[in-house]
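*Asks:* Kindly return the folded structure for what I paste below:
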Amino acid sequence: MDLKEQFEKAIAESKTLSEKPSNDTLLQLYSLYKQSSEGDINIDPPANPFDFVAKAKYEAWAALKGKTNAEAMTAYIELVAKLKN
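*Replies:* Numbering: from 1, shown residues only. Now for the predicted structure:
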């Protein structure tokens with residue numbers, strides 16, 4: 001199974017975890033997914049300074065700038081595997 005197939009399998013598995021991950025873990029999953037699928041952040045920061053969720057998502061994704069798609073996919077796959085155990 002190649003990396004892309006493993007990544008897609010991990011995405012499916014992340015939706016069927018036995019318990020909901022913490023907000024920090026969900027943020028990690030989000031940012032790794034975005035970096036894997038879209039690359040470096042390509043959106044403007046949220047305009048509303050009180051939209052803390054959007055701000056957290058933006059900052060988490062921005063923190064991964066420079067990480068390759070393959071590195072992000074591998075980290076996502078490893079994180080989902082850890083959450084399954």
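
*Asks:* all contacts plus neighbour counts: C-alpha atoms, from now on.
*Replies:* OK.

*Asks:* can you pull the alpha-carbon coordinates of stretch 57-67 into CSV?
*Replies:* Extracted as CSV, the C-alpha positions of stretch 57-67 are listed here (Å, rounded to 0.1, in the frame of the first residue of the first chain):
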residue,chain,number,x,y,z
LYS,A,57,-6.7,26.3,13.2
TYR,A,58,-4.9,28.9,11.2
GLU,A,59,-1.9,29.0,13.6
ALA,A,60,-1.7,25.1,13.8
TRP,A,61,-1.6,24.9,10.0
ALA,A,62,0.9,27.8,9.7
ALA,A,63,3.2,26.1,12.2
LEU,A,64,3.7,23.3,9.7
LYS,A,65,4.9,25.6,6.9
GLY,A,66,7.8,23.9,5.0
LYS,A,67,6.8,20.3,6.0
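
*Asks:* wait, doesn't residue 73 sit right on residue 33?
*Replies:* Yes - Residue 73 lies in contact with residue 33 (C-alpha atoms under 8 Å); the separation is 7.3 Å.

*Asks:* Those two: which has the busier surroundings?
*Replies:* Legend: neighbour count by other C-alpha atoms under 10 Å for residue 73 and residue 33, higher for residue 73 (24 against 21).

*Asks:* Okay, helices next: where are they in the protein?
*Replies:* 3-14, 23-38, 52-62, 69-84 (DSSP state H).

*Asks:* would you turn the ones you listed into JSON lines with mean pLDDT and distance to residue 46?
*Replies:* Output for the helices of the chain, formatted as JSON lines (pLDDT from 0 to 100; distance: least, C-alpha to C-alpha, whole Å):
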{"stretch": "helix 3-14", "mean pLDDT": "96", "distance to residue 46": "26"}
{"stretch": "helix 23-38", "mean pLDDT": "96", "distance to residue 46": "15"}
{"stretch": "helix 52-62", "mean pLDDT": "96", "distance to residue 46": "6"}
{"stretch": "helix 69-84", "mean pLDDT": "96", "distance to residue 46": "23"}
